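Student: Provided below for reference: sequence and predicted model.
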Number of protein chains: 2
Amino acid sequence: MMVGKPAKRATVRTPGSRQIPAPRPREPAAVLIAKRIEEDIVLGRRQPRERLIEQDLCDLFQTHRGDVRLALFELEKKGLVGRIPNRGALVRGLTPQEVREIYAVREELEVMAVRIIPFPVAAADIGRLEEVQRRHTAAIAEGDLLTVFYSNLSFHQILFGLCGNACLIETIDLLAQKVYGIRSYANAFPDSLDRARRDHLDMIKALRGSRRDELVALTRRHLQPSPEAYIKDYERRFGKADPAPAH
Amino acid sequence: MMVGKPAKRATVRTPGSRQIPAPRPREPAAVLIAKRIEEDIVLGRRQPRERLIEQDLCDLFQTHRGDVRLALFELEKKGLVGRIPNRGALVRGLTPQEVREIYAVREELEVMAVRIIPFPVAAADIGRLEEVQRRHTAAIAEGDLLTVFYSNLSFHQILFGLCGNACLIETIDLLAQKVYGIRSYANAFPDSLDRARRDHLDMIKALRGSRRDELVALTRRHLQPSPEAYIKDYERRFGKADPAPAH
DNA sequence: GATAACCGTATTGTAAACAATCTTGAATGC
DNA sequence: GCATTCAAGATTGTTTACAATACGGTTATC
């Protein structure tokens, strides 16, 4: 497996011990493969209902089935792919119902995060946000959707990372991953991208001025367009009736 | 592997298709093993820092390393065990900091859940809660901690299940799993168990009367004792200084 | 006597082979 | 012509064997 990185030492913490030197869990190969597949789904290179065959992925990533298998289980738990026993994995689409539910929880958690960010925010942190936002803006101008995606991701990770609650950060990230795939719908319209860009700039301003309520309102508003665009498109394709509850 | 159950057919939903008959993902062996290990940790039969050696677990569960491996990866993602490359898995304890953070998020989500429960709640659902609560009460009286644990679990799953948001339910469950292990601290004191019991009864009453604010207050209060007991015990054992940030 | 290099053992990580299961398509009977 | 049965191929699930790595003790050396 040649996807791995050099990897250096790090530490793990266990209660009752201070710092134990231990090999850092260098990104296991399986996780890297999972990331790549995730990216494919985000970019629309893999469509819902498409099968993910283990051997194909082995050839693609030059590895053995063990890692691919692990990656698929991982993606299954994230909700990005479904699995049918003895049949394998397939890219999983989301019903409007599911999208609405996920976004409701995202809003709750992201609002919580910005509520507990300690103010004022350090200038260095705001600087990092501005730096990433410059990349984001440039990528939109150039129509580089891949960079748009990743810089947008970084922006939110930095922003919510300010809240200081690791569990909250992790959970926000988890839910964001579940709907990575539907971004492409929102990104299809330049208007949406521009609006997101302006939201980010407004957020930075609110942060700089320690205006929490404004930040909360922006956070809520920022989450609106994506699910709406997705649901609209979904209904256009498959009809408006929500076909039976999702289990 | 002889842990499996008979397993029947079910259906999977994918967007754009109606109902596709498909083999129901019968609880895979790995998941069952993970549950058993989880239970061991909950019951204190496995202490933090204890190593989990794959071959030992294979012998114990009469299976092959593939499933054990998968189970360990699963528990790792849940945060119950840590892994050191080429060294294996070990039961992971939680720092007070982590516990506080997890409970903060739990409170936010569980309060959200009870806020969106559609009122009035169907009599049948209240009946199910009462039924489970009878088991809970009986188990406390008999000192059957295992049944206490599982009936308490059921109670909350039914309660939060009423909110109707599958993603929210799932996320609440995920966070609850992360702190399964610390229940034993709260359960050590009969007072705590009795208080939990009374909380449950009060919740049922509030549900029956559709008194949402009361339910929210009870939900918050119900989450207080466990982390407090754990943190107190932790500081007694390892000293009060929170040793270095938890990453 | 302390320290550094070495080797044996325990354990995980990787790979390949085998078995079980499902899908697909053709052949057969009605 | 249509449904049913059967067999072949494809894919996943399981098992076993092998290689790589890390730890612990022993020995050699200064």
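Tutor: That came through fine.
Student: rest of the way, CA atoms for contacts and neighbours
Tutor: OK.
Student: just checking, A:Leu90 is part of a strand?
Tutor: Yes. Assignment of A:Leu90 by DSSP: H, G, I helix; E, B strand; the rest coil places it within a strand.
Student: okay, now it: neighbour count?
Tutor: Residues near A:Leu90, counting by other Cα atoms under 10 Å in any protein chain shown, number 22.
Student: show me the contacts for it.
Tutor: A:48-52, A:81-83 (Cα atoms under 8 Å, 6 or more residues apart in numbering or on different chains).
Student: hey, what's it bridged with?
Tutor: Per DSSP bridges, the residues bridged to A:Leu90 are A:Arg51, A:Gly82.
Student: Stretch A:45-57 spans what distance, first to last residue?
Tutor: Its start and end residues considered, stretch A:45-57 measures 14 Å (Cα to Cα, to the nearest Å).
Student: Please read the previous query as pertaining to stretch A:82-91.
Tutor: End-to-end distance for stretch A:82-91: 6 Å, by Cα to Cα.
Student: residues touching A:Val31, list them.
Tutor: So A:Val31 contacts A:71, A:74 (Cα under 8 Å, 6+ apart).
Student: can you rerun that using 7 Å?
Tutor: A:Ala71 (Cα atoms under 7 Å, 6 or more residues apart in numbering or on different chains).
Student: So is stretch A:58-66 next to DNA strand D?
Tutor: No. Stretch A:58-66 lies apart from DNA strand D when judged by Cα under 7 Å from any atom of the strand; the minimum separation is 7.6 Å.
Student: can I have that stretch written out in PDB, keeping just the CAs?
Tutor: What follows is stretch A:58-66, C-alpha atoms only, in PDB (Å, rounded to 0.1, in the frame of the first residue of the first chain):
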ATOM      1  CA  CYS A  58      -8.200  -2.500  -4.900                       C
ATOM      2  CA  ASP A  59      -6.900  -2.100  -8.400                       C
ATOM      3  CA  LEU A  60      -7.600   1.700  -8.300                       C
ATOM      4  CA  PHE A  61      -5.800   2.300  -5.000                       C
ATOM      5  CA  GLN A  62      -3.100  -0.400  -5.400                       C
ATOM      6  CA  THR A  63      -4.000  -2.100  -2.200                       C
ATOM      7  CA  HIS A  64      -5.500  -5.300  -0.800                       C
ATOM      8  CA  ARG A  65      -9.200  -5.900   0.000                       C
ATOM      9  CA  GLY A  66      -8.700  -5.600   3.700                       C
END
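Student: tell me which residues in it are buried?
Tutor: A:58, A:61, A:63, A:65 (16 or more other Cα atoms under 10 Å in any protein chain shown).
Student: is that stretch up against chain B anywhere?
Tutor: No. Stretch A:58-66 lies apart from chain B when judged by Cα under 7 Å from any Cα of the partner chain; the minimum separation is 9.0 Å.
Student: Next: stretch A:108-128.
Tutor: No. Judged by Cα under 7 Å from any Cα, stretch A:108-128 makes no contact with chain B; its nearest approach is 7.8 Å.
Student: residues in contact with that stretch?
Tutor: Here stretch A:108-128 makes contact (Cα under 7 Å, 6+ apart) with A:160, A:162-163, A:172, A:204, A:207, A:210, A:212, A:216, A:219.
Student: ok, back up a step: possible to save the buried residues of stretch A:58-66 as CSV with pLDDT and distance to A:Arg134?
Tutor: Putting the buried residues of stretch A:58-66 into CSV (pLDDT from 0 to 100; distance: Cα to Cα, whole Å) gives the following:
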residue, pLDDT, distance to A:Arg134
A:Cys58, 90, 37
A:Phe61, 89, 33
A:Thr63, 89, 37
A:Arg65, 90, 40
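Student: quick one: which of those residues is nearest A:Asp194?
Tutor: For these, the closest approach to A:Asp194 (Cα to Cα) belongs to A:Phe61, at 35.5 Å.
Student: Widest-spaced pair of the contacts of stretch A:108-128?
Tutor: That would be A:Ile172 and A:Ser210, which, of those, are the farthest apart (Cα to Cα) at 22.1 Å.
Student: Just want to know which of those two has more residues nearby.
Tutor: A:Ile172 (22 against 16).
Student: Around A:Arg49, how many other residues sit close by?
Tutor: For A:Arg49, using other Cα under 10 Å, the count is 17.
Student: what do you get for the one 3 residues further on?
Tutor: Neighbour count for A:Leu52, taken as other Cα under 10 Å: 19.
Student: and it, what does it touch?
Tutor: So A:Leu52 contacts A:89-90 (Cα under 7 Å, 6+ apart).
Student: try 8 Å this time
Tutor: Applying Cα under 8 Å, 6+ apart, the residues near A:Leu52 are A:88-91.
Student: Any chance of JSON lines for the buried residues of stretch A:58-66, columns secondary structure?
Tutor: Converted to JSON lines, those look like this (three-state DSSP):
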{"residue": "A:Cys58", "secondary structure": "helix"}
{"residue": "A:Phe61", "secondary structure": "helix"}
{"residue": "A:Thr63", "secondary structure": "coil"}
{"residue": "A:Arg65", "secondary structure": "helix"}
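Student: how about the helices in chain A?
Tutor: A:29-42, A:54-61, A:65-78, A:96-116, A:123-142, A:145-161, A:166-178, A:183-187, A:190-208, A:212-222, A:225-238 (DSSP state H).
Student: Show me what counts as buried in the third one.
Tutor: Meaning helix A:65-78. The neighbour-count check on helix A:65-78 (16+ other Cα under 10 Å) flags A:65, A:67-76 as buried.
Student: for the fourth one, same thing?
Tutor: For helix A:96-116, burial by neighbour count (16+ other Cα under 10 Å) applies to A:96, A:98-107, A:109-114.
Student: Chain neighbours aside, what residue packs nearest to the residue of chain A at minimum distance from DNA strand C?
Tutor: Residue of chain A nearest DNA strand C, by Cα to the nearest atom of the strand: A:His64 (4.4 Å). Of all residues not flanking A:His64 in the chain, A:Cys58 sits nearest, at 5.6 Å (Cα to Cα, 6 or more residues apart in numbering or on different chains).
Student: Give the full set of residues in contact with that neighbour.
Tutor: Neighbour list for A:Cys58: A:64-65, A:68 [criterion: Cα under 8 Å, 6+ apart].
Student: try A:Ile33
Tutor: A:61, A:67-68, A:71.
Student: same deal with A:Arg65?
Tutor: Taking Cα under 8 Å, 6+ apart, one finds A:54-55, A:58 in contact with A:Arg65.
Student: Could you check how far it is from chain B?
Tutor: According to Cα to the nearest Cα, to the nearest Å, A:Arg65 and chain B sit 12 Å apart.
Student: how near is that residue to A:Ile84?
Tutor: Distance check for A:Arg65 against A:Ile84: by Cα to Cα, it reads 17 Å.
Student: residue ranges with poor pLDDT in chain A?
Tutor: By pLDDT under 70, the low-scoring segments of chain A are A:1-27, A:183-184, A:186-187, A:240-247.
Student: I am finished for the moment; much appreciated.
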